[in-house]
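Q: Attaching a predicted model along with its sequence, questions to come.
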Amino acid sequence: SAVISQKPSRDICQRGTSLTIQCQVDSQVTMMFWYRQQPGQSLTLIATANQGSEATYESGFVIDKFPISRPNLTFSTLTVSNMSPEDSSIYLCSAQGQSSYNEQFFGPGTRLTVL
Amino acid sequence: QKEVEQNSGPLSVPEGAIASLNCTYSDRGSQSFFWYRQYSGKSPELIMSIYSNGDKEDGRFTAQLNKASQYVSLLIRDSQPSDSATYLCAVRGGATNKLIFGTGTLLAVQP
């Protein structure tokens, strides 16, 4: 299984600012994803981070608000821009390995609070 | 109809009993099915994956898949208090590579 790390683990930010979350995988992976999990809720896919090209966003999420980079096969960043209290959530990076089983693993998450 | 449905629980079982967690899905083309365990304040941890009809056992966990009924379940034998967590069912859609999650079932194992 892939080991995934995220930075920061948590942050408290002011309204209107931006935060960039970093995700590092210990091996090359085919797919990387960003999810959001609000308190007491299940996981919502924000976007698929594509290596060398623009991310693919899910309905309700836009690049201006959640720009994503993936410069190589082991690293991705998610920026939460112009934050509001509604952006307070846990943001999770996920990676899908190169095995035929397409198992998907999660990083420890970034707990974001926007004041 | 939600794409992946689970009973939110809580499901309460006594220690040592079998916990049975159920999940239904709507996309008949789905090929991959996963169970994740999520402790409070932690990220999801993959515990089982299943791809073919029937049962798959791993230690105290058994995943069961019935594609005709669009149903997947997770059995936990000899339940322990440490099994108390939210269990998320996830299905990879037939037409896309996206993992769709259910809302999760909260399991509480009573000592």
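A: Received the coordinates, thanks.
Q: tell me which element the residue lying closest to residue B:29 once chain neighbours are set aside is part of?
A: Among residues not flanking residue B:29 along the chain, residue B:94 sits closest, at 2.1 Å (CB to CB, 6 or more residues apart in numbering or on different chains). The way it works is simple: take the backbone N, C-alpha and C, and place the C-beta from them, glycine included. Here residue B:94, judged by DSSP states H and E, is contained in no helix and no strand.
Q: any idea how far residue B:94 is from chain A?
A: 13 Å (CB to the nearest CB, to the nearest Å).
Q: next one: residue B:16
A: For residue B:16, the distance to chain A - CB to the nearest CB - is 29 Å.
Q: likewise residue B:93?
A: Counting by CB to the nearest CB, the separation of residue B:93 from chain A is 11 Å.
Q: check contacts around that residue.
A: Going by CB atoms under 8 Å, 6 or more residues apart in numbering or on different chains, residue B:93 touches B:3, B:27, B:29, B:30, B:100.
Q: which one among those residues gets closest to chain A?
A: residue B:100 (8.2 Å; CB to the nearest CB).
Q: Show me what that closest one is bridged to.
A: Beta bridges link residue B:100 to residue B:91 when assigned by DSSP bridges.
Q: Next: residue A:57.
A: residue A:47.
Q: likewise residue A:78?
A: residue A:21, residue A:68.
Q: distance of the closest residue to residue A:61 other than its chain neighbours from residue A:91?
A: Leaving out its chain neighbours, the residue that sits closest to residue A:61 by CB to CB, 6+ apart is residue A:46, at 4.9 Å. Separation of residue A:46 from residue A:91 (CB to CB, to the nearest Å): 8 Å.
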